[in-house]
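J.: 3D, please:
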Amino acid sequence: MTAEFKITTAPVSDDAAKGAAKEMLDGARAKLGFVPNMYRGMAINPGLLSTYLHGYAHFREQGNFTPPEQEVVFLTISLANGCDYCTAAHSMLAVNVSKLSEAHTQALRDGKPLDDAKLEALRRFTHHMWETRGLPTKAEAEAFKAAGYSDIHVLEIILAMSVKTISNYANHVNHTQVDDAFAAFAVDKTVAAA
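T.: From the prediction side, this is the model:
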């Protein structure tokens, strides 16, 4: 999904990148081997990209969710927000990096419950947090905690929602093209075995 509106400022190219934007794009290239199109669009406002990268790193590197659980959270939010770019990116990461099963990744993409009780509790509560705009019911929170999660996980979902709001909304208004690295997982395709 993209917004009806599209910003007219072009994504930041390597030639046009300066200052903080150049540092962040160069850092992405060094870490990932390429600069994702999403980063180029967010680099129009370096504060936006910096905030995203900082929050994303905290969630990934200092949080309490396992890599597969992280992808359940990110995919649930990206799908709820209708972000085709992040759905493709996190589908690829889920299967190839975080080792979430292809079956679970596809179930998330299809909006179906997961057959793993703990992951399903995570998916359900993450969607509930999105749906209620961070006003969870006591019953949903208790069910989430009964599945083996804690208050810190509730707060980490809020961090993930913040990070995904930045990226999902920026992708909507930038009409971000899916990078080649994620193309096999584009929304109009099915997750295929590699």
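J.: Can you read off the pLDDT for the residue located most distally from the centre of the chain?
T.: Among the residues of the chain, the one whose C-alpha is farthest from the average of all C-alpha positions is D15, by CA atoms, centre = their mean at 27.6 Å. In the predicted model, D15 carries a pLDDT score of 95.
J.: which ones are touching T126?
T.: Contacts of T126 were listed using CB atoms under 8 Å, 6 or more residues apart in numbering, and they are 72-73, 76-77, 157, 160-161. For every residue, glycine as well, the C-beta is placed using N, CA and C.
J.: what about it, which helix or strand?
T.: Counting by DSSP states H and E, the secondary-structure element that holds T126 is helix 117-131.
J.: That helix: how far from the chain's middle?
T.: Mean-position distance between helix 117-131 and its chain equals 15 Å (CA atoms, centre = their mean, to the nearest Å).
J.: Now it: average pLDDT?
T.: According to the model, helix 117-131 has a mean pLDDT of 98.
J.: how about that helix: buried residues?
T.: Residues of helix 117-131 classed as buried by neighbour count (16 or more other CB atoms under 10 Å): 119-130.
J.: would you list those residues in a markdown table and tack on distance to P46?
T.: Formatted as a markdown table, the buried residues of helix 117-131 follow (distance: CB to CB, whole Å):
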| residue | distance to P46 |
| --- | --- |
| L119 | 36 |
| E120 | 39 |
| A121 | 38 |
| L122 | 33 |
| R123 | 33 |
| R124 | 36 |
| F125 | 33 |
| T126 | 29 |
| H127 | 32 |
| H128 | 34 |
| M129 | 29 |
| W130 | 27 |
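J.: Which pair of the residues you listed spans the longest distance?
T.: For those, with distances taken as CB to CB, the pair at the greatest spread is L119 and W130 (16.5 Å).
J.: which intervals of this protein have sub-threshold pLDDT?
T.: 1, 189-194 (pLDDT under 70).
J.: Show me where it has its helices.
T.: Under the criterion DSSP state H, the chain contains helices at 19-32, 37-42, 46-62, 67-80, 84-96, 102-110, 117-131, 138-146, 151-174.
J.: Quick one: those helices as TSV, columns for distance to F182 too.
T.: Compiled in TSV, these are given as follows (distance: least, CB to CB, whole Å):
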stretch	distance to F182
helix 19-32	12
helix 37-42	9
helix 46-62	16
helix 67-80	12
helix 84-96	4
helix 102-110	13
helix 117-131	21
helix 138-146	29
helix 151-174	12
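J.: so which of these gets nearest A3?
T.: With distances scored as CB to CB, the stretch of those nearest to A3 is helix 151-174 (4.3 Å).
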